[in-house]
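1. after the sequence you'll find the predicted model.
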Amino acid sequence: TFQLVNSSNTATARAVTLDYRNPTNVVRLSPACSTPTVQPTCQDDALFYSTVYNALQGKNSRGIGRVYIDYAVTDHVKAFADIMYSRVDGYGIFQPAFSSAAGGGTMPVSLKGDNAFLAGSTSTDAALRAEWLAAGKTLTSTSTANVGKFWVEFGGRDVKTERETTRYVLGLQGDFEALGRKLYWEGYGQFGKTTGTTVSFNVPQVARVQQATDAVVVGGQIVCRDVTARAAGCVPWNLIDGPSAAAIAWTNASSTTDQEVKQTVVGANISGDLLQLPAGPLGFSIGGEYRKEESRFVQDALGASGALFFNAIGTRQGDYDVKEAFAEVRVPVLKDAPFAKELSLEFAGRSSDYSSIGRTDQYTARVEWKLWDDLTIRANQGTAVRAPNIVELYSPQSVNFTTTAVDPCDKDVFASSTAAQKAARAI
């Protein structure tokens, strides 16, 4: 679609499109379809329905293997090992890259009045040229029209994913007598690692697309206007009659990422019944755990540069560890009493020491009142703390498709702000 008159007013907006049923035909769009963002009533037959590119499900294959072994060391001690391996191969299917007739966004493209292909000899060139002039535009470089387009020539921005996970758990568990009570204990260590790679296909190089579509005639030859791009091998892209294979190849690209996530855990706990109360045993559990999380994500240099129709993330790497202690107790209060077939209280607490955010404390208090077999009332109150993960802690600034979210403290935004805005943001 070529936005000849860029207006949100249906009375003044004007746009034409290459009919998707026969792209050699240039069709002037109805008022409802002529605004840069079409109206809800837009129903022109020459336009295609973009959801044809949506996929409900991609492709994937998965394989998992697991081995569990335990061995009774004594009558009261058991050793165990749990080993797991999995591999997942996925293929995500996504729509092609796109440009908006409203301009802006990730890959804005415009057609200039002196474009070499607009001056071409085909019937499509002539029809578009006539619409161009009828809209009051001139055949000069200062007269432009935003291009709204799905870049189907590249194909879908599909993503191939390969991921492997291994996990090893070793531990001991058992029981022992203390103060006439049987207590149960467990100690374990765990190490897990996930590695993966992704390949993102058909993510065009934004600057190259803009350079290739800006074609002019020099010395009787159609070339890219940008001299530097021309020296780098730029191949002109015909927006009207379709690009050559060489133009597609010069502008297209792919991007790869490598990821690794590791987790190390060591823990121990003891549980059992401390004493017998009239309503039942008073149960408890105490324990501690150490956990370390590590993550690394590396995007290839081209993808990380921000040059592609792609979320430029770059390298993200970091780790943190946490030491935790916890305790839980269950107190039976009543049993088989009037209007209280069972009444119990539960209390739990956890204290954590994160290398990233310091100490956190959490608790839960719960009451369960079973009036009779068919009616139980429960109430609880607690706190919870979610520490930031590695992505939240260590992600660098990255590029996304949205143009609506603006960071008021971004250096460029801050530089263009008023004195009052700067003062308010400097608090």
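-> Here it is on my side, so go on.
2. which residue, other than its chain neighbours, is closest to Gly113?
-> Ser143 (3.7 Å; C-beta to C-beta, 6 or more residues apart in numbering). Heads up, the C-betas are built off the backbone N, CA and C, glycines and all.
3. thought the one you found was touching Lys137?
-> Yes - applying C-beta atoms under 8 Å, one finds Ser143 in contact with Lys137, separated by 4.4 Å.
4. now do the shared contacts for those two.
-> The contact sets of Ser143 and Lys137 overlap at Gly113 (C-beta atoms under 8 Å, 6 or more residues apart in numbering).
5. ok, the nearest residue to Cys224 once chain neighbours are set aside - contacts?
-> Leaving out its chain neighbours, the residue that sits closest to Cys224 by C-beta to C-beta, 6+ apart is Cys234, at 3.7 Å. Each residue near Cys234 by C-beta under 8 Å, 6+ apart is listed here: Arg208, Gln211, Ala212, Val223, Cys224, Asp226, Trp250.
6. and the two most separated of those residues?
-> Arg208 and Val223 (14.2 Å; C-beta to C-beta).
7. please identify which of the two sits among more neighbours.
-> For Arg208 versus Val223, neighbours defined as other C-beta atoms under 10 Å are more numerous around Arg208 (24 against 17).
8. can you point out the buried residues in the host helix or strand of the more buried one?
-> Using DSSP states H and E, Arg208 falls within helix 206-213. By neighbour count on 16 or more other C-beta atoms under 10 Å, the buried set for helix 206-213 is Val206, Arg208, Val209, Gln210, Gln211, Ala212, Thr213.
9. repeat that for stretch 360-377.
-> Under 16+ other C-beta under 10 Å, the buried positions of stretch 360-377 are Thr360, Glu368, Trp369, Lys370.
10. name the residue closest to the centre of the chain, please.
-> Residue closest to the average C-alpha location in the chain (C-alpha atoms, centre = their mean): Asn311, at 9.1 Å.
11. identify the bridge partners of Gln347.
-> In this structure residue 347 is Phe, not Gln. Applying DSSP bridges to Phe347 gives these bridge partners: Val329, Ala365.
12. pLDDT score for it?
-> Phe347 is assigned 97 on the pLDDT scale.
13. count of neighbours near it?
-> 14.
14. that one contacts Asn380, doesn't it?
-> No - counting by C-beta under 8 Å, Phe347 stays clear of Asn380, with 10.4 Å between them.
15. how about the helices in the stretch 251-400 of the chain?
-> Here the stretch 251-400 of the chain has its helices, by DSSP state H, counting those that start in this stretch, at 301-304, 390-394.
16. so what secondary structure elements neighbour the longest one?
-> Applying 3 or more C-beta pairs under 8 Å, 6 or more residues apart in numbering; DSSP states H and E, one finds that helix 390-394 contacts strand 280-299, strand 315-337.
17. state the mean pLDDT of the longest one.
-> Read that as strand 315-337. Mean pLDDT, computed over strand 315-337, is 95.
18. now for that strand, which elements pack on it?
-> strand 280-299, strand 340-354, helix 390-394.
19. save those as a markdown table, and put in distance to Tyr53 too.
-> Shown next, in a markdown table, are the helices and strands packed on strand 315-337 (distance: least, C-beta to C-beta, whole Å):
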| stretch | distance to Tyr53 |
| --- | --- |
| strand 280-299 | 24 |
| strand 340-354 | 43 |
| helix 390-394 | 28 |
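20. tell me which of these lies nearest to Thr418.
-> Using C-beta to C-beta, the nearest of the helices and strands packed on strand 315-337 to Thr418 is helix 390-394, at 31.5 Å.
21. low-confidence ranges, the stretch 301-427 of the chain, go.
-> Along the stretch 301-427 of the chain, segments meeting pLDDT under 70 span 398-406, 427.
22. kindly apply the preceding question to the chain instead.
-> In the chain, residues with pLDDT under 70: 398-406, 427.
23. state the distance from the nearest residue to Arg378 once chain neighbours are set aside to Gly113.
-> Spatially, and ignoring its direct neighbours in sequence, Arg378 is nearest to Glu368 (5.1 Å; C-beta to C-beta, 6+ apart). Here Glu368 is placed at a distance of 77 Å from Gly113 (C-beta to C-beta, to the nearest Å).
24. cool, Ala424 as well?
-> Distance, Ala424 to Gly113, by C-beta to C-beta: 44 Å.
25. which of the two has more neighbours?
-> Looking at Ala424 and Gly113 with other C-beta under 10 Å, you find the greater number of neighbours at Gly113, namely 18 against 11.
26. select the longest helix from the chain.
-> Of all segments of type helix in the chain, defined using DSSP state H, the longest is helix 123-134.
27. same for that one, what does it pack against?
-> strand 2-5, strand 14-18, strand 26-28.
28. possible to save the ones you listed as TSV with distance to Lys182 and mean neighbour count?
-> Converted to TSV, the helices and strands packed on helix 123-134 look like this (distance: least, C-beta to C-beta, whole Å; neighbours: other C-beta atoms under 10 Å):
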stretch	distance to Lys182	mean neighbour count
strand 2-5	79	23
strand 14-18	79	23
strand 26-28	83	20
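29. Serialize the ones you listed to CSV and add fields for distance to Ala81.
-> Shown next, in CSV, are the helices and strands packed on helix 123-134 (distance: least, C-beta to C-beta, whole Å):
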stretch, distance to Ala81
strand 2-5, 65
strand 14-18, 64
strand 26-28, 69
